[in-house]
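> prediction below, plus the sequence it came from.
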Amino acid sequence: MTAKDENPRDLFSALDTLATSCDSADALMAAIVALLQEKLTHYNWVGFYMLEKDGGSDVLVLGPFRGAATPHTRIPLNQGICGAAASTGKTIVVDDVNSDPRYLACSLETKSEIVVPVRAHGKVVGELDIDSHRAAAFGSEDRALCEHAAAVLGRFFERTAS
Ligand code: SME
């Protein structure tokens, strides 16, 4: 982190507050990506992908995001770090995207990435994806913060979706 960054730990309660002030999942996703991207300078691209049915198979569809436009607006589950995180249900941290053969490039500037599944009622419904221009940008505090953001959204879905 740089000196002007907030400590990721201080953003936990801000995320909880967003969940009480947003009246739709889309609004909450937009507020979460804005908060994270604005407060943490090493979070250069922040976005949600949500699972949707495409014919018989699931596909990750880009939702609210902050950062440069990406060509990857629909990602099958067998592609990318995003597909790997959604299909295994596990957080993936990649310190050097260029040495990971799964990586789907969005920006030549991206050096590292974290992808955290979002669960509702025990099932993966989407994921939070964050790219950094810094190598190995995501440590244990970032992981805890991103997993908290995903949990806040998951609980919102559980409260509001049937
Ligand atoms: N890098 C991702 C694709 C999405 S972009 O980072 C926004 C991947 O490898 O799945």
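Structure received.
> what residues are up against V61?
Neighbour list for V61: 49-52, 73-74 [criterion: C-beta atoms under 8 Å, 6 or more residues apart in numbering]. All C-beta spots, glycine's among them, are computed from the backbone N, C-alpha and C.
> secondary structure element for it?
strand 57-66 (DSSP states H and E).
> so which of the contacts of V61 wins on neighbours?
Within the contacts of V61, most neighbours by other C-beta atoms under 10 Å means Y49, with 26 neighbours.
> avg pLDDT for the helix or strand hosting that residue?
Element membership of Y49, judged by DSSP H and E, is strand 45-54. For strand 45-54, mean pLDDT is 97.
> helices and strands around it, which ones?
helix 25-39, strand 57-66, helix 80-88, strand 123-132 (3 or more C-beta pairs under 8 Å, 6 or more residues apart in numbering; DSSP states H and E).
> distance from the chain centre to whatever helix or strand comes next after the last one, please.
Read that as strand 123-132. The helix or strand immediately downstream of strand 123-132 is helix 140-160, counting by DSSP H and E. Relative to the centre of its chain, helix 140-160 is centred 10 Å away, using C-alpha atoms, centre = their mean, to the nearest Å.
> what's the angle from helix 140-160 to strand 123-132?
Interaxial angle of helix 140-160 relative to strand 123-132 (axes from the mean of the first three to the mean of the last three C-alpha atoms, to 10 degrees): 140 degrees.
> just how off-centre is stretch 86-94 within its chain?
Taking mean C-alpha positions (C-alpha atoms, centre = their mean), stretch 86-94 and its chain are 11 Å apart.
> okay, the residue nearest to the spatial centre of the chain: pLDDT?
Compute the mean C-alpha point of the chain, and by C-alpha atoms, centre = their mean the closest residue is L128, 1.5 Å away. L128 is assigned 98 on the pLDDT scale.
> so it sits against V152, correct?
No. L128 is beyond contact range of V152, at 10.1 Å (criterion: C-beta atoms under 8 Å).
> overlap of the contact sets of these two?
Contacts common to L128 and V152, judged by C-beta under 8 Å, 6+ apart, are I32.
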